[in-house]
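Engineer: with the sequence up front, the predicted model follows.
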Amino acid sequence: MIENPEHSFVKQLQANQNIIHKICRLYTDCEDSHKDLFQEITIQLWKAFPKFRGDSKFSTWAYRVALNTAITLYRKNKRSIATVEYEARQHFTKDVDYNYEEEEQIKLMYKAVYQLNDIEKALVFMYLEDKDYHEIAETLGISEVNARVKMNRIKGKLKKILNP
Amino acid sequence: MKELDLLKKDWKKNENSFEQVSEKEIYKMIHKKSSSIVKWILIISILEFTILNLIGFLIPDEKREELIVIENYLNAFTILGYGITLYFIYLFYKNYKSISVVATTKKLMQSILKTRKTVQYYIWYNIIYIFLIVSLVIVYELQNSPTFNTHNSSKNMLICVISFVLLGVVLGLIWLFYRLIYGILLRRLYANYKELKKIDL
């Protein structure tokens, strides 16, 4: 008997939900919008689920749909999310002991990443997720060369933001 | 880039720090669309009921005296009308409840179909109800008006026809009004239903 698609979707999404949480973390600035984006991505994934054939891993497919949703929504609300304070997000993560200097640097990095545009954030996200250029290209629907070029530009941009 | 690697380290460290969403919550999220539509149907029906009754209270009923004979009928109709409308609101509430509760796809589809039917019955009931009451008043007025018997019957027929044409127009407008309010909601609900059906195959 074939498993009820709804059950299988919910189970797999539940197991892979950190993907969505992490995307929300990069694209939203407060807990409420984090939850909103999480729900929106969930609905979009559910809508797209009939097209998910299972020839790729659920997580790979989820990366693509979730990122596209975040990018589209981010474009719609560009003005409201444009500048974000890193401090506002502190309550999202549990406290972990940091080297103070490192912590400062990480804070600045997050701030810099928030200033990137929707596509650039998506690339940074994939990079942070340890995806290779082949996967980045496939997920975002661009060529591998383009992905490399874009990533280099982003690095330059981040450096500029950090050391103006 | 050194900073980016630092960020990656931090990113990995916090990977599992997110508050986890339960399976039940995910179910709720993907069903929320239907339940919010059904909630609107419930809210609109209650609003409609209250507003129409408020209007009824605010309009002074001076004309009533002429209609004393059929007033008893009208009162009975009004009470019956209240009862039926309240019953429909109760049905809408039940539909809303049954969709809110986490259900299987099949059950959700059934609830959606049931809600659509309830709304359609509600619209037809309202139109038939208004038609019956107004026709009653028109027929009674014509029969008892002093001009009815003294003038020729073709003129009476004309008044009668015009009254019913006007009634028809008003009913048409009411129907359109309902189609507009509930139609939008029902279409969305139906779209949701079709999506569910595709998945359930």
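Structural biologist: Received the coordinates, thanks.

Engineer: return the residues in contact with the closest residue to chain B within chain A.
Structural biologist: Nearest residue of chain A to chain B, counting by C-beta to the nearest C-beta: A:His21, 3.8 Å away. The way it works is simple: take the backbone N, C-alpha and C, and place the C-beta from them, glycine included. By C-beta atoms under 8 Å, 6 or more residues apart in numbering or on different chains, the residues touching A:His21 are A:34, A:38, B:18.

Engineer: just put those residues in TSV and tack on neighbour count, secondary structure and distance to A:Tyr27.
Structural biologist: Converted to TSV, those look like this (neighbours: other C-beta atoms under 10 Å in any protein chain shown; DSSP: H, G, I helix; E, B strand; the rest coil; distance: C-beta to C-beta, whole Å):
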residue	neighbour count	secondary structure	distance to A:Tyr27
A:His34	21	helix	9
A:Phe38	22	helix	11
B:Phe18	19	coil	14
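
Engineer: number of residues surrounding A:Leu140?
Structural biologist: 20 (other C-beta atoms under 10 Å in any protein chain shown).

Engineer: in which helix or strand would I find the nearest residue to it once chain neighbours are set aside?
Structural biologist: Counting by C-beta to C-beta, 6 or more residues apart in numbering or on different chains, A:Leu140 lies nearest to A:Ala122, which is 6.0 Å off, once chain neighbours are set aside. Taking DSSP states H and E as the definition, one finds A:Ala122 inside helix A:118-128.

Engineer: next one: B:Leu185
Structural biologist: helix B:153-200.

Engineer: which strands or helices does that helix pack on?
Structural biologist: Other elements packing on helix B:153-200 under the criterion 3 or more C-beta pairs under 8 Å, 6 or more residues apart in numbering or on different chains; DSSP states H and E are helix A:5-15, helix B:23-58, helix B:105-144.

Engineer: need the pLDDT of the residue nearest to A:Leu140.
Structural biologist: Listed pLDDT for A:Ala122 reads 91.

Engineer: low-confidence stretches in chain A?
Structural biologist: Filtered on pLDDT under 70, chain A yields the residue ranges A:1-3, A:76-99.

Engineer: how about the residues of it by chain B?
Structural biologist: A:4-6, A:9-11, A:13-14, A:17-18, A:21-22, A:25, A:38-39, A:42-43, A:46-47, A:49-50, A:92-94, A:96, A:102, A:105-106, A:108-110, A:113, A:127-128, A:130, A:155, A:158-159, A:162 (C-beta under 8 Å from any C-beta of the partner chain).

Engineer: mark which of those are buried, thanks.
Structural biologist: Among the residues of chain A next to chain B, those scoring as buried are A:5-6, A:9-10, A:13-14, A:17, A:21-22, A:25, A:38-39, A:42-43, A:46, A:49, A:92, A:105-106, A:108-110, A:113, A:127-128, A:158 (criterion: 16 or more other C-beta atoms under 10 Å in any protein chain shown).

Engineer: hang on, the earlier thing: for the residue nearest to A:Leu140, give its distance to B:Leu91.
Structural biologist: The gap separating A:Ala122 from B:Leu91 is 47 Å, by C-beta to C-beta, to the nearest Å.

Engineer: before we move on, what about B:Ile123?
Structural biologist: B:Ile123 is 13 Å from B:Leu91, by C-beta to C-beta.
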